[in-house]
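Visitor: Sequence and predicted structure, then a few things I'm wondering about:
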Amino acid sequence: MSDAITRVVTSGRFTLDGGTWDVDNNVWLVGDGAEVLVIDAAHSAPVILEAVAERRVTAIVCTHAHNDHINAAAELSRATGAPIWLHPADTPLWEMEYGGRRPDAALSDGDVLTAGGVELRVIHTPGHAPGAVSLYAPDLGAVFTGDTLFNGGPGATGRSFSDFPTIVASIRDRLLTLPPETVVHTGHGDDTTIGAEAPHLDDWIRRGH
């Protein structure tokens, strides 16, 4: 993994549609020795702050608004002064966690965010959630996919606000077009690459999940 990327694993609970599951989340810090951008502030702001150390946090970016990806965002924002970014299509999910407290900035497809000289391009990849985004860092040969694409296939689409044909289209048209050597940093579990996942698209479609 590049020195510009740090993974922090936090643990907590994911709650939706009346169910609750224990989960481990990947929190990604991207930048350099002076400043970082935090992707998916999950479960524990103190654990994330320990990894940030003395660096400035330029932004807290949510790949989507399921509670397990945003439930430490407000506390982290208060501690660092960094703005929280979210695609507005995920507002209904955000409100389940935070009510009337709004994110600070809206993500849009094609936006470019920077931290420590690293540029991350926002790619809207709906399906797991309507406002799901991936963040592509071409200079690092990496893409941060949240719960859109995992090592082994697409994210889950069996719950509210999700849709299987939509996530397949996002992966096929927006992610599998990236260079095959691109490393996929996921919201849970192990990394993969675009090239490792691309051959299995038809199998995912046949299985319907």
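Guide: In hand now; what should we look at?
Visitor: can we go C-alpha only for contacts and neighbour counts from here?
Guide: Noted.
Visitor: now for the strand or helix carrying residue 94, which elements pack on it?
Guide: Assigned by DSSP states H and E, residue 94 falls within helix 91-98. Judged by 3 or more CA pairs under 8 Å, 6 or more residues apart in numbering; DSSP states H and E, the packing partners of helix 91-98 are helix 67-70.
Visitor: So which other helices or strands are in contact with the helix it packs on?
Guide: Counting contacts by 3+ CA pairs under 8 Å, 6+ apart, helix 67-70 is packed against strand 5-16, strand 19-31, helix 91-98.
Visitor: re the thing from before, could you pull up the mean pLDDT of the next helix or strand after the helix holding residue 94?
Guide: Per DSSP H and E, the first helix or strand lying C-terminal to helix 91-98 is strand 105-106. Regarding strand 105-106, the rounded mean pLDDT is 98.
Visitor: How about stretch 157-172?
Guide: The average pLDDT within stretch 157-172 is 96.
Visitor: residues making contact with it?
Guide: The contact list for stretch 157-172, computed with CA atoms under 8 Å, 6 or more residues apart in numbering, reads 16-17, 124-130, 148-149, 154-156, 201, 205, 208-209.
Visitor: Please name whichever of the helices and strands packed on helix 67-70 is nearest to residue 47.
Guide: Of all these, it is strand 5-16 that lies closest to residue 47, at 7.5 Å by CA to CA.
Visitor: coming back round to it: ok now the helix holding residue 94, how far from the chain's centre?
Guide: Put simply, helix 91-98 sits 16 Å off its chain's centre (CA atoms, centre = their mean, to the nearest Å).
Visitor: Could you do stretch 153-171 as well?
Guide: The mean C-alpha position of stretch 153-171 is separated from the chain mean by 15 Å, CA atoms, centre = their mean.
Visitor: Quote the end-to-end distance of it.
Guide: With CA to CA, to the nearest Å as the measure, stretch 153-171 spans 9 Å from end to end.
Visitor: With residue 81 as the reference, measure out to residue 144.
Guide: Taking CA to CA as the measure, residue 144 falls 23 Å from residue 81.
Visitor: Among the two, which residue is more densely surrounded?
Guide: Neighbour totals were compared for residue 144 and residue 81, and residue 144 leads with 24 against 15 (other CA atoms under 10 Å).
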